[in-house]
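Student: Okay, here's the prediction I keep looking at, along with the sequence it came from:
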Amino acid sequence: MSIKSKTILLVDDEPAILEMCLAILKENGFENILTANTALDALEKMRTQPDLAVLDVMLPDMDGFTLGKTIREHTSIPILFLTAKGELDDKSKGFEAGADDYMVKPFLAQELVWRITAILRRAYKETEESSFLLDTCKVDLEQAQVFKESGDSVPLTAKEVAILQKLFSNAGRVVTIGTLCQAVCGDIYIGYEKTLMSHIRHIREKIEKEPSSPVSLVTAKGIGYKLILKDKAR
Amino acid sequence: MNIQRFFKRYVHSSVKLFCFFILVNVVLFVILAMVSVDRRDVNPTRLLSRISNDLQQTNGQYVLPNGTDALLEQEQVWCMLIDNTTGSVVWSYRLPADVPIQYTYGDVAEMTRWYIEDYPVFVLNRDDGLLVIGYPKDSYWKSSAYKPTSSVKIDIAGMATVFLLNIVIVLLLFVFNNRKIERSIKPILVGIEDISAGKKTQLAERGELSEINAQLNHVAEALQRRDAARANWISGVSHDIRTPLSMVLGYSSSLEESDALTAGARRKVVEIRQQAEKIKWLIEDLNLASRLEYDMQPLRICDIYLTELVRQVVCEFLDSNLDDLYLFEVESSPQCETEFIRGDEALLKRALANLIQNSITHNPEGCTVSILVSYSKAAITIVVADNGVGVSSERLKELREKSHYTESTDDRLDLRHGLGLILVRQIVEAHQGTMEIESEAQKGYKTTLTFSKA
């Protein structure tokens, strides 16, 4: 089952927004989408066991955070809050209500698609896509192996897998040095940037044809790193 | 308003008033003394000596010249000459009937001090007798004052002491009163200061000035309500705009990806999307700025690694379909990596994003935005600089000095460029930091934010 075939429940009291999100997701290949106008309707649709819920915070019969908590009582599916309320104090409320992510209206179409994809990938990673294709090799995170075009395979260390995992779930986007470091070491400490750089160098030696001029694992100077998947290069 | 200065001025003016009071008293006494002085040409002493000069004995008879008797007439004065040896009146003029004509030594001794039959009299000792002049009854007050010399000395010293003591008491009373007023007025002044600074105010409604306090509380509350209403209104409007704007942004960005569009149509869609994003920024700025202005934005303070914060903000720009015309450089010294400040992450991100967005907006031809994080002993500094068109020195002055848009009543105020920067300043100030702008036409634009270390 691929990510695109996951069932997504969209809840918003504004029919126009529902219609737009539906259109955007369909255009981007998502096939199974449920929509609901009210919290009651949404709880009804929850019986079909969707894989992801996108909830508006302002609903006519219940506020979205309460709805989120109610959903959480029954299932652990990821929840993305979609709200017009830009006040930042809502953010913590959303995370308290068990949000996996939070999006403030207005948003861009790609942002919605990207966030939904990222959440689904994170939530259902064990069932799928633990391997991906790069420019000149295939990386299998489960086996911690890099399979080269020549047929050779190179093992990856645990830290390297963690770094690649983080980069892969954000493929095509820059991941900051701090985020990577926290993913690998758990915290920010003096000299972590140097440590990270040596890890990156080792990874490049394994996955790049020319480690000194990388094409798959590229640097955003001073900011972070970006993983570029084959065919998805932008 | 400076409270200390207010009371200093009050003390000064009070001291001046006190000095003025003393001066007025002195002047009044002098005037009184001058008025009460007997300035007539013919006072008793002068009259006596004149009569004595004029009174001549011719052929055993005393005669007054004509001019003199007219003067006596005019002054309503009677006079007589008492013989030294016999004690009888040897000459008299206009002598009232009730005045005796024979005197003993005792009579003479009494009259020199007091009265003869209630007529105030004055005497002059001559060779041939005692010249006496009498004025009408009740026209003169005579007294004979005497006191031991020691008492007089005490009196003088006592009067000086009492005078000085009076001044001291007045000053003490004045200081005491001033203190009292200061105590009751100070909270009011502080309250007014707070109100004008937009802070919350609640004065205790008791004491002498309780009515004023109550009024001030009332005003503060009304202002607070109005501010809250304004912020809520802005927040409501921005909320209502978000849904339609979502549609515009969502559909335009989705259309942008569509293969069905011609290149021309795509350009237009991109333009729509970019403009809609500008509206989004503006609304967010407006909402946040008004909430910060009216203290309605609670700060969520936590430890923030500024270097990482900068990276994350830049990342968001890199991921947002930004034109290739814009390049980013982030530099930070290795020591900065673990330096953190206490702050609100979302707000600080917004401040940085606004600075970067400013550089992008004002340089449609593209530019390089370089961000430098550095630190000294006490502070962490973030410099956001671009190599773009910059601003003229007049405009820079304007940006630095522009009053806050919520306080400004200047209709000409150009908000199109200012709101984002105002929000940055508000956020930085909410973190007790400082913001400095440097720029020159065609030489880029540079903003320096400085925060003190946690």
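Tutor: Nice, thanks for sending it over. Residues are numbered from 1 along each chain as shown, chains lettered A, B, ... in the order given.
Student: And the helices in chain A, which stretches?
Tutor: Listed in chain order, the helices of chain A (DSSP state H) span A:15-27, A:39-45, A:64-74, A:89-96, A:109-123, A:158-169, A:177-185, A:192-207.
Student: The residue of chain B most remote from its centre and chain A, how far apart?
Tutor: Taking C-alpha atoms, centre = their mean, the residue of chain B most remote from its mean C-alpha position is B:N59, at 89.2 Å. Taken as C-beta to the nearest C-beta, to the nearest Å, the spacing of B:N59 relative to chain A amounts to 129 Å. Every C-beta, even on glycine, is put in place using the N, C-alpha and C of the backbone.
Student: need the helices for the stretch 101-250 of chain B, in chain order.
Tutor: Counting by DSSP state H, counting those that start in this stretch, the stretch 101-250 of chain B has these helices, from start to end: B:105-113, B:149-196, B:210-257.
Student: okay, the angle between the second one and helix B:210-257?
Tutor: Meaning helix B:149-196. For helix B:149-196 and helix B:210-257, the angle between their directions (axes from the mean of the first three to the mean of the last three C-alpha atoms, to 10 degrees) works out to 20 degrees.
Student: So B:E438 lies in a strand, does it not?
Tutor: Yes - secondary structure of B:E438, determined by DSSP: H, G, I helix; E, B strand; the rest coil: located in a strand.
Student: wait, what's in contact with it?
Tutor: Under the criterion of C-beta atoms under 8 Å, 6 or more residues apart in numbering or on different chains, the contact partners of B:E438 comprise B:L396, B:Y445, B:K446, B:T447, B:T448.
Student: Looks like the last one contacts B:S374 (just checking).
Tutor: When you say that, I think you mean B:T448. No - with contact defined as C-beta atoms under 8 Å, B:T448 and B:S374 do not form a contacting pair (10.1 Å).
Student: which neighbours do those two share?
Tutor: Shared contacts of B:T448 and B:S374, defined by C-beta under 8 Å, 6+ apart, are found at B:T381, B:V383.
Student: possible to save the contacts of B:E438 as CSV with distance to B:T381 and pLDDT?
Tutor: Formatted as CSV, these follow (distance: C-beta to C-beta, whole Å; pLDDT from 0 to 100):
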residue, distance to B:T381, pLDDT
B:L396, 20, 82
B:Y445, 17, 90
B:K446, 12, 92
B:T447, 11, 92
B:T448, 6, 93
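Student: and those residues, which are buried?
Tutor: Members of those that pass the buried threshold by neighbour count (16 or more other C-beta atoms under 10 Å in any protein chain shown) are listed as B:L396, B:Y445, B:K446, B:T447.
Student: So for the residue positioned nearest the centre of chain A, what's the pLDDT?
Tutor: The residue lying closest to the centre of chain A (C-alpha atoms, centre = their mean) is A:A118, at 1.6 Å. The pLDDT attached to A:A118 in the predicted structure is 86.
Student: leaving aside the residues next to it on the chain, what's closest to it?
Tutor: Among residues not flanking A:A118 along the chain, A:S169 sits closest, at 6.1 Å (C-beta to C-beta, 6 or more residues apart in numbering or on different chains).
Student: ok, now A:D12?
Tutor: Distances taken as C-beta to C-beta, 6+ apart put A:D56 closest to A:D12, at 4.0 Å, once the chain neighbours are dropped.
Student: Please apply the same query to A:G29.
Tutor: With C-beta to C-beta, 6+ apart, the residue lying closest to A:G29 is A:K4, at 4.5 Å.
Student: hang on, the earlier thing: of the helices of chain A, which approaches A:K148 most closely?
Tutor: helix A:192-207 (8.8 Å; C-beta to C-beta).
Student: angle of the closest one against helix A:177-185?
Tutor: When the same axes, to 10 degrees is applied, the directions of helix A:192-207 and helix A:177-185 differ by 80 degrees.
Student: Please enumerate residues in contact with helix A:192-207?
Tutor: A:134, A:136-137, A:139, A:146, A:154, A:156-157, A:159-160, A:163-164, A:177, A:180-181, A:184-185, A:211, A:214, A:216-217, A:219, A:225, B:334, B:337.
Student: now the angle between helix A:158-169 and it, please.
Tutor: Our comparison of helix A:192-207 with helix A:158-169, counting by the same axes, to 10 degrees, yields an angle of 80 degrees.
Student: average model confidence for helix A:192-207?
Tutor: In this model, helix A:192-207 has an average pLDDT of 88.
Student: Could you do stretch B:311-321 as well?
Tutor: Over the span of stretch B:311-321, the pLDDT mean works out to 84.
Student: mind saving the C-alpha coords of that stretch as PDB?
Tutor: The C-alpha coordinates for stretch B:311-321 follow below in PDB (Å, rounded to 0.1, in the frame of the first residue of the first chain):
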ATOM      1  CA  ARG B 311      18.900  28.200   9.900                       C
ATOM      2  CA  GLN B 312      15.300  27.100  10.300                       C
ATOM      3  CA  VAL B 313      14.000  30.400   9.100                       C
ATOM      4  CA  VAL B 314      16.300  30.400   6.100                       C
ATOM      5  CA  CYS B 315      15.100  26.900   5.400                       C
ATOM      6  CA  GLU B 316      11.600  28.000   5.200                       C
ATOM      7  CA  PHE B 317      12.500  30.500   2.600                       C
ATOM      8  CA  LEU B 318      14.500  28.000   0.600                       C
ATOM      9  CA  ASP B 319      11.600  25.600   0.600                       C
ATOM     10  CA  SER B 320       9.000  28.200  -0.500                       C
ATOM     11  CA  ASN B 321       9.400  28.200  -4.200                       C
END
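Student: Noted, bye for now.
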